[in-house]
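> Build me a model:
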Amino acid sequence: MGRRQGIMMPVWRDLERVLQSTSAPDSDVSAELHTSTRTAASDWGIRSSNTSERWLEARPQLVENMLKATIIRAEFCQMCKTERAVIRCADCMSLSHLCCGCDQKHHHVYSLHNRSSLTNNCRIPLPPTVMVTNEGRHDTCARILPMELPQHICDCSNSVSVIVGRPVVFVNINGRYDLNLPELRCRGCCASWTPQLADLQQSGYWPATIQFCTVHDTDIFQRFREMKLVAPGSSRLSFIRMLEVQTKQHGRTGKVCSDTFYKAFMEWVISSIMQNTEVCIVFVNYVS
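Prediction:
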């Protein structure tokens, strides 16, 4: 038995040597095959390189398109189709170029749109309280804060007219606006309606003070809260400076008070928590 094992050991060593010599080329071939089949779908480095190359190729065209966008062309009003356009609205994509009359009719309602003047071969950002005349002159006007209005304010069947109310400062994610609150007046019995605190909240706004001389859009509070949750180190002053930059870029003026904003934000957070608590209590009582 021992003699037989001594004879078989050299045979097994020779067999292992032969198998190793024959399998080595196959492993090299498979490695080369794996390297040659690397594609953008499986390799992040190739995808990143291809993306950078595509952006580099498209950069001249992007710059050319930006330069073409700054050119002011003589165009007709897209609403009346007859008068020369003197206003471009960045928020009215289908009606971006308007004449003086159509601009006053259209943006009397959409007072939060960002407009710019196309007169004198230059583009000048305009606040909502400035309109352009047919002669190219800039005149001031009053604009009303968009909000939900009641359908009836009295028992009369006469039509109700919307008039300009007291001034109010409105702040949203695009910065500060100097507007006026709306007022309703009946043409028959002279009954009037002015917005109260509940009307502002129904429209999605939040007062900065109880007298609501300054009003915030609640969307700005939600974005500020999300920013603090995602990036706790972000400062409140940086957020306020961003709003002021937006105000200046769109031709408006004025500052956003940081302390007033933060106080109103905290009151909105507390009220939201209390609202959710009340909803949970009502739901539990209903289920039980």
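
> so who does I153 touch?
V160, L184, C186, A191, S192, W193 (C-beta atoms under 8 Å, 6 or more residues apart in numbering). Using the backbone N, CA and C atoms, a C-beta is placed for each residue, glycine as well.

> tally of neighbours for the fourth one?
Per other C-beta atoms under 10 Å, the neighbour tally for A191 reads 16.

> which phi and psi does it have?
phi -70, psi 150 (degrees, to the nearest 10).

> Give me the nearest residue to it, chain neighbours excluded.
C154 (4.0 Å; C-beta to C-beta, 6 or more residues apart in numbering).

> what residues are up against the one you found?
C154 makes contact with C186, G188, C189, A191 under the criterion C-beta under 8 Å, 6+ apart.

> so the last one sits right up against R185, yeah?
Yes: using C-beta atoms under 8 Å, A191 is in contact with R185, at 7.3 Å.

> just to revisit the earlier point, now tabulate the contacts of I153 in JSON lines and tack on pLDDT and distance to G101.
What follows is those, written out as JSON lines (pLDDT from 0 to 100; distance: C-beta to C-beta, whole Å):
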{"residue": "V160", "pLDDT": "83", "distance to G101": "24"}
{"residue": "L184", "pLDDT": "90", "distance to G101": "25"}
{"residue": "C186", "pLDDT": "85", "distance to G101": "28"}
{"residue": "A191", "pLDDT": "84", "distance to G101": "32"}
{"residue": "S192", "pLDDT": "88", "distance to G101": "29"}
{"residue": "W193", "pLDDT": "90", "distance to G101": "29"}
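
> ok, those vs A90, which is closest?
L184 (30.3 Å; C-beta to C-beta).

> and the closest one, helix, strand or coil?
At L184 the chain is in strand, as set by DSSP: H, G, I helix; E, B strand; the rest coil.

> So in terms of bridging, what pairs with it?
With DSSP bridges as the criterion, L184 is bridged to V162, W193.

> what ranges do the strands span in the stretch 151-288 of the chain?
Taking DSSP state E, counting those that start in this stretch as the criterion, the stretch 151-288 of the chain carries its strands at 160-172, 175-186, 192-193, 205-207, 214-217.

> want to try a markdown table for these, with distance to N134 as columns?
What follows is the strands of the stretch 151-288 of the chain, written out as a markdown table (distance: least, C-beta to C-beta, whole Å):
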| stretch | distance to N134 |
| --- | --- |
| strand 160-172 | 23 |
| strand 175-186 | 25 |
| strand 192-193 | 34 |
| strand 205-207 | 35 |
| strand 214-217 | 34 |
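
> Turn these into JSON lines, including distance to R54 and mean neighbour count.
Converted to JSON lines, the strands of the stretch 151-288 of the chain look like this (distance: least, C-beta to C-beta, whole Å; neighbours: other C-beta atoms under 10 Å):
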{"stretch": "strand 160-172", "distance to R54": "36", "mean neighbour count": "17"}
{"stretch": "strand 175-186", "distance to R54": "35", "mean neighbour count": "20"}
{"stretch": "strand 192-193", "distance to R54": "58", "mean neighbour count": "16"}
{"stretch": "strand 205-207", "distance to R54": "44", "mean neighbour count": "21"}
{"stretch": "strand 214-217", "distance to R54": "38", "mean neighbour count": "21"}
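
> so which of those comes closest to W55?
Comparing these by C-beta to C-beta, strand 175-186 comes nearest, at 31.0 Å.

> ok and the closest one relative to strand 160-172, angle-wise?
Between strand 175-186 and strand 160-172, the angle comes out at 160 degrees (axes from the mean of the first three to the mean of the last three C-alpha atoms, to 10 degrees).

> returning to what we had before: biggest separation within the contacts of I153, which pair?
Greatest spacing in those, by C-beta to C-beta: V160 and S192 (9.6 Å).

> list residues touching both of these two?
Joint contacts of V160 and S192 (C-beta under 8 Å, 6+ apart) are I153, L184, R185, C186.

> Alright, I will stop here.
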